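K.L.:
Make a model of this:
(one chain, ligands or ions: 1)
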Amino acid sequence: MTRPLKGTLWPCLVKICTSRPLQPNSHHPHRLLMASTLSTTPSCAHSSDIKVRSYLQYVKRKLKSPPKPPYSHVCQVGDPVLRGQAATVAPEEVGSADVQQVIRTLVQVMRRLECVGLSAPQIGVPLRILALEYPEQMLQDSSEASRQARGLEAFPLRVFINPELRVLDGRTAVFQEACESLSGFSASVPRYLSVEVSGLNEKGEPISWQASGWPARIIQHEMDHLNGVLYIDRMDSKTFININWQQYNE
Ligand SMILES: [Zn+2]
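P.N.:
Next comes the predicted model:
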């Protein structure tokens, strides 16, 4: 899950997103239509943007075999791995090289993208593993108003394997949230105010954590990923936005 954007007002988003947006239907000079697209859509190539690959990606694939999970990128909505029920990790497997590699990659990707939670299915591994972290510096970067309203709280890295969720306060709060698997979008989502998550840590030891406010939201968001659920399944659909929408009008 991505961190809350700086400040509480939407105009702050514009300051963060300074890169020029892609124009819808524009033909980027370095884009290459794959053969399958060319054969089916000879005159309206822009309508098949899904099949468009950058020239650089095309060359890279020619030279190098495709990456394998755990990926160092985040899978995007449409990838079946995001919609399945992730499998339980056998406790005796927690210390195995494979599981430890998944955990290491999960933490690396989460930190590189500066997001505050990530689940194994998002890096292409359908196992019940998630990582959560809210660095102190990130909290310092948020406004006091945002901290108060959302209940933002810094917390150290926590890894949960086979986590179980228990709701401690069934009341809900609605805030805008985002997901690395739906890159560039955001929506308002109701989440329980307080939850408890229990499972094994990266060493295979039992742990549990009672959290409220934003940490509780992050936990619920990441738990959903283990069950093939995305925030778009829970959102108020009229609040769904492209976070760069204003740039298209500039
Ligand atoms: Zn997510």
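K.L.:
Which one of the residues in this protein is closest to the ion?
P.N.:
Residue of the chain nearest the ion, by Cβ to the ion: Cys179 (3.2 Å). Glycine gets a C-beta too; all of them are placed from N, C-alpha and C.
K.L.:
In this structure that residue contacts Cys75, no?
P.N.:
No. Counting by Cβ atoms under 8 Å, Cys179 stays clear of Cys75, with 11.0 Å between them.
K.L.:
which residues touch the residue most central in space within the chain?
P.N.:
Of all residues in the chain, the one closest to the mean position by Cα atoms, centre = their mean is Glu180, 2.7 Å from it. The neighbours of Glu180, taking Cβ atoms under 8 Å, 6 or more residues apart in numbering as the test, are 1-2, 74, 113, 115, 118, 122.
K.L.:
Residues of this structure that sit close to the ion?
P.N.:
Taking Cβ under 5 Å from the ion as the measure of proximity, the chain contacts the ion at 1, 179.
K.L.:
do that again at 8 Å, thanks
P.N.:
1-2, 117-119, 122, 178-182, 221-222, 224-225, 230-231 (Cβ under 8 Å from the ion).
K.L.:
can you map out the strands along this protein?
P.N.:
Under the criterion DSSP state E, the chain contains strands at 31-33, 52-54, 117-119, 129-134, 155-177, 185-200, 206-212, 241-242.
K.L.:
Highest mean neighbour count out of those?
P.N.:
Neighbour counts (mean count of other Cβ atoms under 10 Å) averaged over each of the strands of the chain peak at strand 117-119, with a mean of 29.
K.L.:
for that strand, packing partners?
P.N.:
helix 97-112, strand 129-134, helix 213-226 (3 or more Cβ pairs under 8 Å, 6 or more residues apart in numbering; DSSP states H and E).
K.L.:
what are the pairing partners of that strand, and which direction each?
P.N.:
strand 129-134 (antiparallel) (DSSP bridges).
K.L.:
so the partner strand versus strand 206-212, what angle?
P.N.:
50 degrees (axes from the mean of the first three to the mean of the last three Cα atoms, to 10 degrees).
K.L.:
In CSV, could you pull the C-alpha coordinates for stretch 109-126?
P.N.:
C-alpha atoms of stretch 109-126 as CSV (Å, rounded to 0.1, in the frame of the first residue of the first chain):
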residue,chain,number,x,y,z
VAL,A,109,10.8,-3.6,-3.1
MET,A,110,8.7,-2.0,-0.4
ARG,A,111,11.5,0.2,0.6
ARG,A,112,12.6,1.1,-2.9
LEU,A,113,9.0,2.2,-3.7
GLU,A,114,8.6,3.9,-0.4
CYS,A,115,5.4,2.2,0.3
VAL,A,116,4.3,1.2,3.8
GLY,A,117,3.1,-2.4,3.2
LEU,A,118,3.5,-5.1,0.5
SER,A,119,2.3,-8.6,0.2
ALA,A,120,4.0,-11.6,-1.5
PRO,A,121,1.4,-11.9,-4.3
GLN,A,122,2.3,-8.4,-5.4
ILE,A,123,5.8,-9.6,-6.3
GLY,A,124,4.3,-12.7,-8.0
VAL,A,125,4.5,-15.2,-5.1
PRO,A,126,1.1,-16.6,-4.1
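K.L.:
Pull the residues that contact it.
P.N.:
Applying Cβ under 8 Å, 6+ apart, the contact partners of stretch 109-126 are 1-3, 68-75, 79, 81-82, 84, 86-87, 102, 105-106, 127-134, 138, 180-181, 218-219, 221-222, 225-226, 228.
K.L.:
give me that answer again for 7 Å
P.N.:
1-3, 69-72, 74-75, 81-82, 84, 86-87, 102, 105-106, 127, 129-134, 180-181, 218, 221-222, 225-226 (Cβ atoms under 7 Å, 6 or more residues apart in numbering).
K.L.:
Whichever of these end up buried, select them in PyMOL.
P.N.:
Restricted to buried positions by 16 or more other Cβ atoms under 10 Å, the PyMOL selection for these reads:
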select buried, resi 1+2+3+69+70+71+74+75+81+82+86+102+105+106+127+129+130+131+132+133+134+180+181+218+221+222+225+226
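K.L.:
Since that was my last question, I'll sign off now.
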